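J.: coords please:
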Amino acid sequence: MAWREVLDLYDILDDAAASGTAVAGWLRAHGVDDVSVTEVKGDKGSTDFVRAVIPGSRGRIAGGDAPTLGIIGRLGGLGARPERIGFVSDGDGALVALAVAGKLGTMRQRGDQLPGDVIVATHVCPDAPTRPHDPVPFMDSPVDVDAMNRHEVEDAMDAILSVDTTKGNRVVNHQGFAISPTVKEGWILRVSEDLLDLASQVSGRLPVVLPLTMQDITPYGNDVYHINSILQPCTATSAPVVGVAITTETAVPGCGTGATDLTSVESAARFCVETAKTYGGGTASFYDEADFTRLTGRYGTMHHLQGMG
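T.: Predicted coordinates for the structure are as follows:
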């Protein structure tokens, strides 16, 4: 279970003075030695990018060949102060990702080291702006998506889980979390059977899938509709990306406060932990490599969808 990590971090992040430094201190106290914080300023303010690395027993850091999983917490901000007081719904992605880092650090301290390296990245901003969106308002961010990708997406990540609040829509009417089809190099691929199994194992329910459109996997700023930023990491990497969406039955604004369901957050965090165990151990895959080779051989690449066209 990841309840202790979720509760501790919620307390740290639900703070008008929340910072990457405070988060990094907590992570180091929970067995994550490799933590860095980078402040980045944008046109609408500043935010702290937090990067945490949990080395595996057979990962590349130890000279092994186990694959590296990236876990990215996507969000505009933790809060919309002074317009809104308190932790906003949009902050769930950061909360999940950081709870995963803390859980993996504690496990490693206790002798349960995963096979592969895990890189966790997100950002901490307690006073982000908001912007209009249909059907409910979105959180904006002090920095643009390009900056997020530069600080959160790394070549070392062989596969990526992108965790994001995905409540401002009417296409996933489910309280909990959903996973997306795998996206790789502009292709929306079939949903990973291995990850569906893990979603059911963790939740004790049938898995829920987040539907994607072609618009959703194109870069922000191209003047087309996106469900949210959950798949934006796929525009900056050739690695397979799967979205882990924190969802609700009704449309909830990203800037809404009092909207974080900690049961959903903890369940999503456990899914990420279980994925890290099995992916690094070679017993779970994000996509069928042979099938992807056949697709690209017959129909060519879809790299153009990763750019602005």
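J.: tell me what the lowest-mean-pLDDT helix or strand in the chain is packed against?
T.: Ranked by mean pLDDT, DSSP states H and E, the weakest helix or strand in the chain is strand 138-139, scoring a mean of 80. Strand 138-139 is packed against strand 130-131, with contacts defined by 3 or more Cβ pairs under 8 Å, 6 or more residues apart in numbering; DSSP states H and E. Placement of C-beta: from N, CA and C, glycine included.
J.: what strands line up against the strand it packs on, and which way round?
T.: Sheet pairing of strand 130-131 (DSSP bridges) gives strand 138-139 (antiparallel).
J.: hmm, back to that, which residues touch the next helix or strand after the least confident helix or strand of the chain?
T.: Once strand 138-139 ends, the next helix or strand along the chain (criterion: DSSP states H and E) is helix 145-152. In this structure, residues lying in contact with helix 145-152 by Cβ atoms under 8 Å, 6 or more residues apart in numbering are 38, 40, 42, 49, 51, 72, 74, 121-123, 141, 219-221, 229, 232-233, 235-236.
J.: quick one: whichever helix or strand comes after helix 145-152 to helix 145-152, angle?
T.: Sequence-wise, the next helix or strand downstream of helix 145-152 (DSSP H and E) is strand 159-165. Relative orientation of strand 159-165 and helix 145-152, computed by axes from the mean of the first three to the mean of the last three Cα atoms, to 10 degrees: 130 degrees.
J.: what's the following helix or strand past strand 159-165 packed up against?
T.: Using DSSP H and E, the helix or strand that follows strand 159-165 in sequence is strand 176-179. The criterion is 3+ Cβ pairs under 8 Å, 6+ apart, and the helices and strands that strand 176-179 contacts are helix 193-203, strand 241-247, helix 262-280.
J.: low-confidence ranges, the chain, go.
T.: Residue ranges of the chain with pLDDT under 70: none are present.
J.: mind listing the strands for it?
T.: Taking DSSP state E as the criterion, the chain carries its strands at 34-42, 45-54, 69-74, 118-124, 130-131, 138-139, 159-165, 176-179, 183-184, 187-188, 241-247.
J.: ok, the residue lying closest to residue 227 once chain neighbours are set aside to residue 283 distance?
T.: In this structure, residue 227 finds its nearest non-sequential neighbour in residue 216, 5.1 Å apart by Cβ to Cβ, 6 or more residues apart in numbering. Applying Cβ to Cβ, to the nearest Å, the value for residue 216 to residue 283 is 29 Å.
J.: looking at the two, which has the bigger crowd around it?
T.: residue 216 (22 against 10; other Cβ atoms under 10 Å).
J.: run a quick neighbour tally on residue 211.
T.: Around residue 211 there are 13 residues (other Cβ under 10 Å).
J.: check the one 3 residues further on too.
T.: Neighbourhood size, residue 214 [other Cβ under 10 Å]: 11.
J.: surely it touches residue 187?
T.: No: the pair residue 214 / residue 187 is not scored as a contact, 10.4 Å apart, by Cβ atoms under 8 Å.
J.: follow-up on the earlier one: tell me which of the helices and strands packed on strand 176-179 lies nearest to residue 23.
T.: Proximity to residue 23 (Cβ to Cβ) singles out helix 262-280 among the helices and strands packed on strand 176-179, at 15.0 Å.
J.: mind putting the strands of the chain into JSON lines with mean neighbour count and distance to residue 9?
T.: As requested, the strands of the chain are arranged in JSON lines below (neighbours: other Cβ atoms under 10 Å; distance: least, Cβ to Cβ, whole Å):
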{"stretch": "strand 34-42", "mean neighbour count": "14", "distance to residue 9": "13"}
{"stretch": "strand 45-54", "mean neighbour count": "22", "distance to residue 9": "11"}
{"stretch": "strand 69-74", "mean neighbour count": "29", "distance to residue 9": "11"}
{"stretch": "strand 118-124", "mean neighbour count": "28", "distance to residue 9": "10"}
{"stretch": "strand 130-131", "mean neighbour count": "16", "distance to residue 9": "23"}
{"stretch": "strand 138-139", "mean neighbour count": "24", "distance to residue 9": "18"}
{"stretch": "strand 159-165", "mean neighbour count": "29", "distance to residue 9": "13"}
{"stretch": "strand 176-179", "mean neighbour count": "24", "distance to residue 9": "17"}
{"stretch": "strand 183-184", "mean neighbour count": "27", "distance to residue 9": "28"}
{"stretch": "strand 187-188", "mean neighbour count": "20", "distance to residue 9": "32"}
{"stretch": "strand 241-247", "mean neighbour count": "28", "distance to residue 9": "15"}
